[in-house]
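Trainee: Take a look and give me a structure for this.
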Amino acid sequence: MKVAFVTIYDIARSFGGISMYAARALEAHNTTLQRLVVPPRRTMWRRAKELFHIHALKREYSLCRDGTVLREIGRSIDQQLDGDIDAVLSPMSPGSQPVTYVQTRKPIVIWTDATLIQALDMYPELQRLGKKSIVDGLRNERRALERCDRVV
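Mentor: Prediction:
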């Protein structure tokens, strides 16, 4: 089996390495991974939005929950996907976000420990998110969950 393992972050440095160990476990069970790391592209405009949210609104702007950014990530993933993959797996938070706008016909699997609405109360760093990032994040997550074939 060949799986596209899609993240927007370096799996060795994030979430205690959980995604890294998941990737290793899949490979140990004869799963071939196409590892795709597609981080959000930082632009001057996006940096300005971050600074505005931080200084004027006293809130944080989440680049990985912005719809425009996720559309770019989706197009990049579509361009990089090998034609012979069997499924697309998006692991851990923000697990649903990278695959929100992927246009593949292959099954999409999201692996997460919580939805954004649940995580807002669990993780203090998410409580600092601005309203726009929360609204966008919830909309994108809903779209991703409606499109995906499985949630783990």
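Trainee: how about low-confidence regions in this protein?
Mentor: Within the chain, the ranges that satisfy pLDDT under 70 run 12-16, 93.
Trainee: can you pull out the strands in the protein?
Mentor: Here the chain has its strands, by DSSP state E, at 2-7, 32-37, 87-91, 108-111, 150-151.
Trainee: List the buried residues in the second one.
Mentor: Residues of strand 32-37 classed as buried: 33, 36 (neighbour count, 16 or more other CB atoms under 10 Å). In this view, the C-beta of every residue, glycine as well, is placed from N, C-alpha and C.
Trainee: Please list the outside residues in contact with stretch 17-34.
Mentor: In this structure, residues lying in contact with stretch 17-34 by CB atoms under 8 Å, 6 or more residues apart in numbering are 1-5, 7, 11-12, 35, 81-82, 85, 91-92, 111.
Trainee: Swap in 7 Å and give it another go.
Mentor: Contact with stretch 17-34 is made by 1, 2, 3, 4, 5, 7, 11, 12, 82, 85, 91, 92, as judged by CB atoms under 7 Å, 6 or more residues apart in numbering.
Trainee: OK, contacts around the last one?
Mentor: Under the criterion of CB under 7 Å, 6+ apart, the contact list for residue 92 reads 15, 18, 19, 111, 112.
Trainee: Pull the number of nearby residues for the residue lying closest to the last one once chain neighbours are set aside.
Mentor: Which is residue 112. Distances taken as CB to CB, 6 or more residues apart in numbering put residue 95 closest to residue 112, at 3.9 Å, once the chain neighbours are dropped. By the criterion of other CB atoms under 10 Å, residue 95 has 27 neighbours.
Trainee: Please convert the contacts of residue 92 to JSON lines, extending it with distance to residue 45 and neighbour count.
Mentor: Listed next are those as JSON lines, based on distance: CB to CB, whole Å; neighbours: other CB atoms under 10 Å:
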{"residue": "15", "distance to residue 45": "28", "neighbour count": "15"}
{"residue": "18", "distance to residue 45": "32", "neighbour count": "15"}
{"residue": "19", "distance to residue 45": "29", "neighbour count": "24"}
{"residue": "111", "distance to residue 45": "32", "neighbour count": "17"}
{"residue": "112", "distance to residue 45": "29", "neighbour count": "20"}
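Trainee: Okay, buried residues for the top helix by length along the chain please.
Mentor: For the chain, the longest helix by residue count, based on DSSP state H, is helix 131-147. Neighbour counts over helix 131-147 (16+ other CB under 10 Å) mark 132, 133, 134, 136, 137, 140, 141, 143, 144, 145 as buried.
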